[in-house]
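> Provided below are the primary sequence and the corresponding predicted coordinates.
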Amino acid sequence: MNATIPSTRRLAPTLLAAAALASALAVSPVRAQDELIVVEPVRVTTYVNGGIGSNEEQQMQRMAKDWPLRMIFSERKDNEFVADVRLLVTDTKGNAYLQLANAGPMTYAMLPAGKYRVTASFKGMSETREVTLDGKTGRDVFFHWKGAPKT
């Protein structure tokens, strides 16, 4: 990831726009030519994904305090970071808030206070964590796979 990671100040307008979009999409069912069409609200989540190389890792660590949910992915005894993790974050009702096919090694998500289920899959092995965000402090969630020894 060569792009500069935006600061929280620069993300504020994006977060406000995302919230407005989510509110605008929350409408009731409508009828169109005798068929019921249901329009459901979309859950919009802002996230940052990176940490490959020492520069990105340091940049991610500097901004970590501003993100409510911080997920870190590693493997083996040496805790080497891994990427290409399939990630799914849902609420307690199963509504998806974040779904990535190539998360890691660090993925941070801007989520409201609540309870979430985080499932991460790497090389065919899945791990799930239940996470409660209180809206005040961030949570670090670590996923670690034993993996094969480094050759």
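Right, received. Where do you want to start? Keep in mind it's a predicted model, so treat the numbers as computed, not measured.

> Count the neighbours of F73 for me.
F73 sits with 24 neighbouring residues when counted by other CB atoms under 10 Å. For every residue, glycine as well, the C-beta is placed using N, CA and C.

> close enough to count as contact, T128 and V141?
No. Counting by CB atoms under 8 Å, T128 stays clear of V141, with 10.4 Å between them.

> Which stretches in this protein count as strands?
30-32, 35-37, 46-50, 69-75, 80-81, 85-91, 96-103, 106-110, 114-122, 125-133, 139-145 (DSSP state E).

> Deepest-packed of those strands, please.
Among these, strand 106-110 has the highest mean neighbour count (mean count of other CB atoms under 10 Å), at a mean of 24.

> Okay, now the sheet partners of that strand, with direction.
Strand 106-110 has the following sheet partners, assigned by DSSP bridges: strand 46-50 (antiparallel), strand 69-75 (antiparallel).

> now what about it, what contacts it?
With CB atoms under 8 Å, 6 or more residues apart in numbering as the test, strand 106-110 has contacts from 11, 15, 45-51, 57, 60, 63-64, 67-73, 81, 85, 87, 89, 97-98, 100.

> how about low-confidence regions in the protein?
Along the chain, the parts satisfying pLDDT under 70 run over 1-35, 38-44, 148-151.

> What's the separation between K146 and E127?
Counting by CB to CB, to the nearest Å, the gap from K146 to E127 is 11 Å.

> quick one on the thing from earlier: intersection of neighbour lists for T128 and V141?
Shared contacts of T128 and V141, defined by CB under 8 Å, 6+ apart, are found at V118.
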